[in-house]
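In: Following is a predicted model, sequence given first.
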Amino acid sequence: MTASLKAVQTTQDLNAGSTQDLPSLIGDLAKRAKAAARQLALAPAEQKNRALEAMERAIRNSVPAILAANAEDVAEARANGASSAFIDRLVLTEARVAGMADGIRIVRNIADPVGKVTERWQRPNGMTIERVRVPLGVVAVIFESRPNVTADAGVLCLKSGNAVILRGGSESFRSGQAIHQCLVAGLREAGLPEAAISFVPTRDRAAVGLLLSGLDGTVDLIVPRGGKSLVGRVEAEARVPVFAHLEGVNHVYVDHTAGLDMAKSVVLNAKMRRTGVCGAAETLLIERDAAATHLKPLVTMLLDANCEVRGDADVQRVDARVKPVTEEDWATEYEDAIIAAKIVGNVDEAIAHIEHYGSHHTDAIVSEDRAAAEKFLIEVDSAIVLHNASTQFADGGEFGFGAEIGIATGKFHARGPVGAEQLTSFKYRIHGTGQTRP
């Protein structure tokens, strides 16, 4: 497997398909995915799990080939002037590839959601009604920079009985191809159609528009994973349903009852563990009654960790290195070592600030006041709300899902990390004994 990947990945034309009839290329890809989806919907859990086991093995055996492909992507991105935050999202290491494989194993071990009866009841006329989970069909995932999405999306769609079309970013094209080959090897070994996990073989941006059109009903769901411009375009142009979050403008609120050590640990991790992920904190809110004891230690800690702090007048007074904050900062997803900070009067003001400027993604409170924490958890209208924990737990793997196809911040069908169960819909099965309606 590893040798074949080496032969394939570094020599492929990076614009494969761009000189062909692109609508025909993408249309054929979608038609084959639709046919594969019909087979997957009926595939037994054991067969899907065999494929996942083979995919995990292929990923682990192909680490050198995957890293070599990724090194080419990273070198090209650096040459094009990509930011350090962008490079962090793009780069793969042995540990990150191992994490992908670990995620596949976890997905394999979770219960198969397809066919699960979630509710059952009997009507007075004797009919029994069941509500049963079923796959969505064909999912198109359009993503930028993060090559691990190739594996995450592929295996979650397989587990949930959906076919998937992966359209990776041009920056991670080689990495995505290398990972995709491992997934195809797993499908082949388990006797499942290779079109169940398809990878768009071109960097041509016109492919995105074709997927957004729905391709005459062959695509059932679009999932964008990327920056504001990508997600905005998908939500504006898609002719099919979309699971999306526009951005992660996430907050950590620290009140006067918070232990300083815990507050420092949570804030530092929430901001600086990985600044380019969507769960990174972008705004620090500190209760006025905590300012005397918590403000300077927290601000100094961030600055000393090479995080730029942009603050209001109160925050600026504690350290000359703090830069003035602007109105725009409060609604900005930096994806970098920058944080906005301000003093708020109480938990109500914190909640009001989050409601006004936040993106309904992930927000946290650090507090030992149970009433304040409960109020925050109930009233903050975000997909994920945490008490005394880092916002960087906004991740499907950390929820026990093995992986995620994205974080949904809308309120329909799925919200928060979208795992295998969230990639199913339902139908009703009715068992009768000859009943007719009067």
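Out: Everything's here; your move.
In: From what I see, residue 166 and residue 199 are in contact.
Out: Yes. At 4.8 Å, residue 166 counts as touching residue 199 under the criterion of Cβ atoms under 8 Å. Where you see a C-beta, it was placed from the backbone N, CA and C, and this is true even at glycine.
In: any shared contact partners between these two?
Out: Common neighbours of residue 166 and residue 199, counting by Cβ atoms under 8 Å, 6 or more residues apart in numbering, are 150, 176, 180.
In: Tell me the buried residues in whichever helix or strand residue 58 is part of?
Out: Secondary structure from DSSP states H and E places residue 58 in helix 45-61. Using 16 or more other Cβ atoms under 10 Å as the test for burial, helix 45-61 gives 48-60.
In: can you check stretch 397-409 too?
Out: Those would be 397, 401-409, for stretch 397-409 by 16+ other Cβ under 10 Å.
In: sorry, back to before: I'd like to know which of the shared contacts of residue 166 and residue 199 are part of helices.
Out: Of the positions in the shared contacts of residue 166 and residue 199, 150, 176, 180 sit in helices, assigned by DSSP state H.
In: one step back: the helix holding residue 58 packs against which elements?
Out: helix 94-109, helix 148-159, helix 173-190 (3 or more Cβ pairs under 8 Å, 6 or more residues apart in numbering; DSSP states H and E).
In: so where do the helices sit in the stretch 301-438 of the chain?
Out: Applying DSSP state H, counting those that start in this stretch to the stretch 301-438 of the chain gives helices spanning 313-318, 347-357, 370-379.
In: Those helices: which one's closest to residue 286?
Out: helix 313-318 (8.2 Å; Cβ to Cβ).
In: which residues sit against that closest one?
Out: Taking Cβ under 8 Å, 6+ apart as the rule, helix 313-318 contacts 291, 295-296, 299-300, 309, 322-325, 341-343.
In: With adjacent residues omitted, what lies nearest to residue 277?
Out: Distances taken as Cβ to Cβ, 6 or more residues apart in numbering put residue 392 closest to residue 277, at 6.8 Å, once the chain neighbours are dropped.
In: so that neighbour touches residue 268, yeah?
Out: No. The pair residue 392 and residue 268 fails to qualify as a contact (Cβ under 8 Å) at a distance of 10.5 Å.
In: Counting neighbours, go ahead and name the busier of these two.
Out: Remark: of residue 392 and residue 268, residue 392 carries more neighbours, 23 against 18, as counted by other Cβ atoms under 10 Å.
In: List of residues touching the helix or strand hosting residue 284?
Out: Taking DSSP H and E as the definition, one finds residue 284 inside strand 281-287. With Cβ under 8 Å, 6+ apart as the test, strand 281-287 has contacts from 248-256, 267, 270-271, 294-295, 298, 302, 330, 332-334, 338-347, 350, 353-354, 357, 364, 390-391.
In: Selecting buried members of those in PyMOL, what would you type?
Out: Buried residues among these (16+ other Cβ under 10 Å), as a PyMOL selection:
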select buried, resi 248+249+250+251+252+253+254+255+256+267+270+271+294+295+298+302+330+332+333+334+338+339+340+341+342+343+344+346+347+350+353+354+357+364+390+391
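In: show me the contacts for the nearest residue to residue 50 once chain neighbours are set aside.
Out: Of all residues not flanking residue 50 in the chain, residue 190 sits nearest, at 4.2 Å (Cβ to Cβ, 6+ apart). When contacts are counted by Cβ under 8 Å, 6+ apart, residue 190 touches 47-48, 50-51, 54.
In: Return the mean pLDDT over stretch 101-118, rounded to an integer.
Out: Average pLDDT, stretch 101-118: 95.
In: end-to-end on that stretch?
Out: End-to-end distance for stretch 101-118: 30 Å, by Cα to Cα, to the nearest Å.
In: coming back round to it: now, which of the contacts of strand 281-287 lie within strands?
Out: Per DSSP state E, strands hold the following members of these: 250-254, 338-344, 364.
In: My guess is residue 421 contacts residue 133. True?
Out: Yes. Contact criterion Cβ under 8 Å: residue 421 and residue 133 qualify, at 7.4 Å.
In: Would you mind grabbing the residues shared as contacts by these two?
Out: residue 113.
In: residues near residue 427, how many?
Out: With other Cβ under 10 Å as criterion, residue 427 counts 9.
In: Residue 232 now?
Out: There are 14 residues near residue 232, going by other Cβ under 10 Å.
In: if I look at residue 387, how far off is residue 258?
Out: Residue 387 sits 11 Å away from residue 258, going by Cβ to Cβ, to the nearest Å.
In: out of the two, which sits in the more crowded spot?
Out: Between residue 387 and residue 258, residue 258 has the larger neighbour count (other Cβ under 10 Å), namely 26 against 14.
In: On the pLDDT front, check that one for me.
Out: For residue 258, pLDDT reads 98.
In: For beta bridges, what are the partners of the nearest residue to it once chain neighbours are set aside?
Out: Leaving out its chain neighbours, the residue that sits closest to residue 258 by Cβ to Cβ, 6+ apart is residue 366, at 4.2 Å. Under DSSP bridges, the beta-bridge partners of residue 366 are residue 254.
In: what about residue 366, how many neighbours?
Out: 29.
In: Go through the chain and flag its longest helix.
Out: Longest helix in the chain, counting by DSSP H: helix 22-42.
In: How far does that helix sit from its chain's centre?
Out: The chain centre lies 24 Å from the centre of helix 22-42; the measure is Cα atoms, centre = their mean, to the nearest Å.
In: Which residues does it contact?
Out: Outside helix 22-42, the residues that reach it (Cβ under 8 Å, 6+ apart) are 17, 48, 114, 134-135, 137-138, 158, 161-165, 192-196, 198, 200-202, 204, 206-207, 210-211, 215-216, 218-219.
In: And stretch 381-391, by the same measure?
Out: 245, 250-252, 262, 266, 269-270, 273, 279-281, 354-355, 358, 360-367, 373, 376-377, 393-394, 407-409, 415-417.
In: Drop anything exposed from those.
Out: 245, 250-252, 266, 269-270, 279-281, 354, 358, 360-367, 373, 376, 393-394, 407-409, 415-417.
In: how long is stretch 133-146 end to end?
Out: 30 Å.
In: List every C-alpha atom in stretch 218-227, with coordinates, as PDB.
Out: Output of stretch 218-227 as PDB, limited to C-alpha atoms (Å, rounded to 0.1, in the frame of the first residue of the first chain):
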ATOM      1  CA  THR A 218     -27.800  13.700  -7.000                       C
ATOM      2  CA  VAL A 219     -26.300  15.700  -4.000                       C
ATOM      3  CA  ASP A 220     -28.500  15.700  -0.900                       C
ATOM      4  CA  LEU A 221     -26.400  17.800   1.600                       C
ATOM      5  CA  ILE A 222     -23.500  20.300   1.400                       C
ATOM      6  CA  VAL A 223     -21.000  20.700   4.300                       C
ATOM      7  CA  PRO A 224     -18.500  23.600   4.000                       C
ATOM      8  CA  ARG A 225     -15.400  23.500   6.200                       C
ATOM      9  CA  GLY A 226     -13.400  26.700   5.700                       C
ATOM     10  CA  GLY A 227     -13.200  30.400   6.000                       C
END
